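In: Fold the following and give me the result.
(one chain, ligands or ions: 1)
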Amino acid sequence: MLKKLMFLMKVGYKILKKDVINNEDYRKEYNNVAKTYNLWLKEMGRFTDEIINVDYINENKKLKILDFACGTGYITKELLQKNIDCEITSVDFSEKMLDELKRKVGNKANIIHSDGLEFLKNTKEKYDVIYFGWALSYFNYREIFKLFKEVLKENGIVCIITNTKGTLNKIEDIFLSVMSENQSEVNKPMDIKFNLPKGKNGLIKWINEFGFEEMEVKEGEVVFYFETPDEVLKWINKTGAAAGTVQIFKDYNKIKYKLIDKIKKEKYNNGKYEINHRFAYGIFKVK
Ligand SMILES: C[S@@+](CC[C@H](N)C(=O)[O-])C[C@H]1O[C@@H](n2cnc3c(N)ncnc32)[C@H](O)[C@@H]1O
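Out: This next block holds a predicted model:
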């Protein structure tokens, strides 16, 4: 008990000192999952489709669209297929995720390899629409929504889909418990949970603060079932669903069996092992 308390204090101190999983760790992990990220898209892309809609813009001119943290470009590719008169700029800091996009669309989009915040701070462009798929958790929402407002035109819109609190139920506790029991194997902790909104109302609250109003917002949850606990961990690792977690440990391969052991105990339900994804999505307009 005392050991666990000491450990939690140590983790808390590291979080305060910002000695946590950082942008470079996320970039590395997305480079690692670039080839398998399509597993995520195959299951979750249908929810992203809900926000790929430009009917909200009533202008008869070429639209400037930003696919922010575009990854392998699911949104960019869908937009290109829609026959809209538009110019798409797709930005991401993982060069390997961008390679996948380049292979598919060539020069049909302006593909930019950059840290997202740096891009927003330096661009001279103004956009009609920003798409922001599954990446809010990697940013400070205050910083990002303020910058979105600055780079959007009057009446611009932002379309978001994001994980919300309660996603990957118990996975964080599993990681914390393995960290606590294997302290000498811990590299640094992760503080991503602070960046997840509380459902659709949490998302609305966050974005309203920065001068956007909601046009349409929904939330959802899906649960996937696996035959074995190691399939659960494989899903997490191959899709980037908990990107950053591999970097928590000095030698992930050494620790992964301990994670599987905990998943076996904590995620068993009716003969299967389950994992949930909770999310919110919506379209917001500059007020
Ligand atoms: C879950 S993927 C989402 C990709 C894509 N938007 C989609 O809907 O499939 C998250 C993406 O955010 C990118 N990302 C995270 N932090 C970033 C940052 N600071 N700057 C640029 N890209 C970032 C990652 O490289 C990754 O490609």
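In: and E209, how many neighbours?
Out: By other Cβ atoms under 10 Å, the residues close to E209 number 12. Quick note: C-beta positions are derived from backbone N, CA and C, even for glycine.
In: ok, now which ones touch it?
Out: Residues in contact with E209 (Cβ atoms under 8 Å, 6 or more residues apart in numbering) are 142, 145.
In: For the stretch 1-150 of the chain, list the residues in contact with the ligand, please.
Out: Counting by Cβ under 6 Å from any ligand atom, the positions of the stretch 1-150 of the chain adjacent to the ligand are 23, 26, 30, 48, 69-71, 74-75, 92-94, 97, 115-116, 133-135, 138.
In: Ok, the stretch 151-287 of the chain next?
Out: Neighbours of the ligand within the stretch 151-287 of the chain, by Cβ under 6 Å from any ligand atom: G240.
In: Could I get the full set of helices for the stretch 151-287 of the chain?
Out: Secondary structure of the stretch 151-287 of the chain (DSSP state H, counting those that start in this stretch): helices at 171-181, 199-208, 229-239, 252-266.
In: Any stretches of the stretch 1-150 of the chain with poor pLDDT?
Out: 1-11, 13-17 (pLDDT under 70).
In: that older thread, now tabulate the helices of the stretch 151-287 of the chain in JSON lines and tack on mean neighbour count and mean pLDDT.
Out: Putting these into JSON lines (neighbours: other Cβ atoms under 10 Å; pLDDT from 0 to 100) gives the following:
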{"stretch": "helix 171-181", "mean neighbour count": "18", "mean pLDDT": "89"}
{"stretch": "helix 199-208", "mean neighbour count": "18", "mean pLDDT": "98"}
{"stretch": "helix 229-239", "mean neighbour count": "19", "mean pLDDT": "94"}
{"stretch": "helix 252-266", "mean neighbour count": "16", "mean pLDDT": "94"}
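In: TSV please, covering these and showing distance to F279.
Out: Shown next, in TSV, are the helices of the stretch 151-287 of the chain (distance: least, Cβ to Cβ, whole Å):
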stretch	distance to F279
helix 171-181	15
helix 199-208	9
helix 229-239	13
helix 252-266	21
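In: If you drop the residues flanking it in sequence, what lies closest to W134?
Out: I161 (6.0 Å; Cβ to Cβ, 6 or more residues apart in numbering).
In: who does the one you found bridge with?
Out: Under DSSP bridges, the beta-bridge partners of I161 are G133, Y281.
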